[in-house]
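A.B. asks: could you work out the structure for the sequence below:
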Amino acid sequence: MSLDLQPILENELVKIRPLAVPDFDKLYEVAIDPLIWEQHQCKDRWKKDVFQEFFAEAIDSKGALIITDKHTGSIIGSSRYKLCDKDQTTIEIGWTFLSRNYWGGTYNHSIKMLMMAHAFTYFDNVLFYIDKDNLRSQKATEKLGGQKIYQSDENGHLCHDDENALTYCLNKTSFLNGQV
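C.D. replies: Coordinates of the predicted model:
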């Protein structure tokens with residue numbers, strides 16, 4: 001059985017479903033905020049032409065997800081799964097962004113817990129590659145239990161090749177034991 005990279009997941013706060021082409025306008029309404037992108041490697045992603053390229057890549061990835069507020073039905077952001085080419089026991093979660101109205105609370109944690117629970121059904125490890133200047137994402141990933149790894153961890157999971165990115169890893173055992 002293989003992982004569905006575009007599942008429908010939900011809890012009391014959010015519903016996550018496959019990203020679709022008709023979602024562009026509503027998702028861009030979230031992405032147009034320059035402050036969302038200030039700590040990302042692509043700081044001008046709020047510009048429509050730049051976001052269109054990001055969106056097209058997301059659709060082509062076949063792992064992109066749209067996130068909606070379960071109570072309002074509003075689109076609040078997006079995230080993605082990506083299979084790791086070098087390690088069949090590992091999957092990546094990334095490209096996540098949320099409306100600033102949903103920062104600083106439980107939404108990011110809730111979203112990532114849903115995505116990790118789904119991923120750990122099939123994989124032993126989840127990797128997050130985070131820009132070295134993106135302190136918000138680093139702190140959020142550490143709150144999830146992510147451990148920064150260098151070069152490779154004890155299982156040989158490779159770090160991102162990009163010198164501007166940090167690699168964080170969470171493992172299934174810790175997740176299932178409630179250590180995250």
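A.B. asks: what average pLDDT does the helix or strand encompassing D60 get?
C.D. replies: For D60, the element it lies in under DSSP states H and E is helix 48-61. The pLDDT scores in helix 48-61 average 97.
A.B. asks: any low-confidence regions in this protein?
C.D. replies: Filtered on pLDDT under 70, the chain yields the residue ranges 1, 151-163, 178-180.
A.B. asks: strands of that one, start to end?
C.D. replies: Using DSSP state E, the strands found in the chain span residues 9-10, 14-18, 64-69, 75-83, 90-98, 125-131, 147-149, 165-171.
A.B. asks: let me have the ones you listed in JSON lines, extended by mean neighbour count and distance to V30.
C.D. replies: Bear in mind the C-beta positions are built from the backbone N, C-alpha and C, glycine included. Conversion of the strands of the chain to JSON lines gives the following (neighbours: other CB atoms under 10 Å; distance: least, CB to CB, whole Å):
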{"stretch": "strand 9-10", "mean neighbour count": "15", "distance to V30": "19"}
{"stretch": "strand 14-18", "mean neighbour count": "18", "distance to V30": "14"}
{"stretch": "strand 64-69", "mean neighbour count": "23", "distance to V30": "9"}
{"stretch": "strand 75-83", "mean neighbour count": "21", "distance to V30": "6"}
{"stretch": "strand 90-98", "mean neighbour count": "21", "distance to V30": "7"}
{"stretch": "strand 125-131", "mean neighbour count": "23", "distance to V30": "19"}
{"stretch": "strand 147-149", "mean neighbour count": "15", "distance to V30": "28"}
{"stretch": "strand 165-171", "mean neighbour count": "21", "distance to V30": "23"}
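A.B. asks: out of the ones you listed, the one nearest F54 is which?
C.D. replies: strand 90-98 (8.0 Å; CB to CB).
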